[in-house]
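Q: Just a sequence and a predicted model for now, questions to come.
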Amino acid sequence: MRISLAVLTVTWLLCQGTRNSKENTEIEIIAILATQSKDFRTYKAENAVDRDMSTKSIAMPDEDGVAWLRLNLDKTYCVKKVVRLRSYKVTNNHTHFCSGQSCTNCEGWTCQDFELSVFSDRSRVDHVTGNEGEEEVDCMTGDTVEFRTYNGYYIAAYEVAIFTV
């Protein structure tokens, strides 16, 4: 079995900030479906969650000039952090931190041009609870994570990682 340096680099990058203490452990959530506004060539949405740094997704703007990349989860989660790797370079990423009613706190180049939202896209209702006696975790709850830009830009993602606590 061959493990590429790119996969090891991505694993290292996505694990940055993960703490091993019981109360602060971040757990990665795997998306079950990825869709986007409009495909560019062979750069399909599912490439953003395939764990393969040799592929990428590119969401082109739709007829209204809006580009979006939507990731559906298997149930409702308390989403704390979302990392979008914009290229194979470990420094070219956006890290969105979710709390309260938004995910507007972002670190990375051109963060201001993209927004991230977490919401419930399904008609079913899942109930998210913590363990008895635990403090409330500051996060956004939902079963869908969506990147969006309104300025005619495209959205590129080699990989997207979603974390809960």
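A: That came through, no problem.

Q: Show me the helices in the chain, by range?
A: For the chain, the helices defined by DSSP state H occupy 5-15.

Q: In it, where is pLDDT below threshold?
A: 1-24, 90, 122-137 (pLDDT under 70).

Q: Show me which strand runs longest in it.
A: Counting residues, the longest strand found in the chain (DSSP state E) is strand 67-85.

Q: Which strands and helices lie in contact with it?
A: helix 5-15, strand 27-29, strand 33-36, strand 57-59, strand 93-99, strand 140-149, strand 155-157, strand 159-164 (3 or more Cβ pairs under 8 Å, 6 or more residues apart in numbering; DSSP states H and E). The way it works is simple: take the backbone N, C-alpha and C, and place the C-beta from them, glycine included.

Q: what's the neighbour count on F147?
A: Residues lying near F147 (other Cβ atoms under 10 Å) number 24.

Q: D64 now?
A: Neighbour number of D64 under other Cβ under 10 Å is 8.

Q: Check which residues of the longest strand of the chain are buried.
A: Of all the residues in strand 67-85, those buried under the rule 16 or more other Cβ atoms under 10 Å are 67-71, 73, 76-85.

Q: out of those residues, who's nearest M53?
A: L85 (7.7 Å; Cβ to Cβ).

Q: Was I right to think the closest one contacts A156?
A: No: judged on Cβ atoms under 8 Å, L85 makes no contact with A156 at a distance of 9.3 Å.

Q: Quick check: bridge partners of the residue nearest the centre of the chain?
A: Central residue of the chain (Cα atoms, centre = their mean): V82, 4.0 Å from the mean position. With DSSP bridges as the criterion, V82 is bridged to H96, I162.

Q: for it, what are its contacts?
A: V82 is in contact with 95-96, 98, 103, 116, 145, 160-163, counting by Cβ atoms under 8 Å, 6 or more residues apart in numbering.

Q: quick one: it and G152, what's the gap?
A: Going from V82 to G152 by Cβ to Cβ, to the nearest Å gives 23 Å.

Q: go on, R70?
A: 19 Å.

Q: Repeat that for S99.
A: Counting by Cβ to Cβ, the gap from S99 to G152 is 29 Å.

Q: Good, wrapping up.
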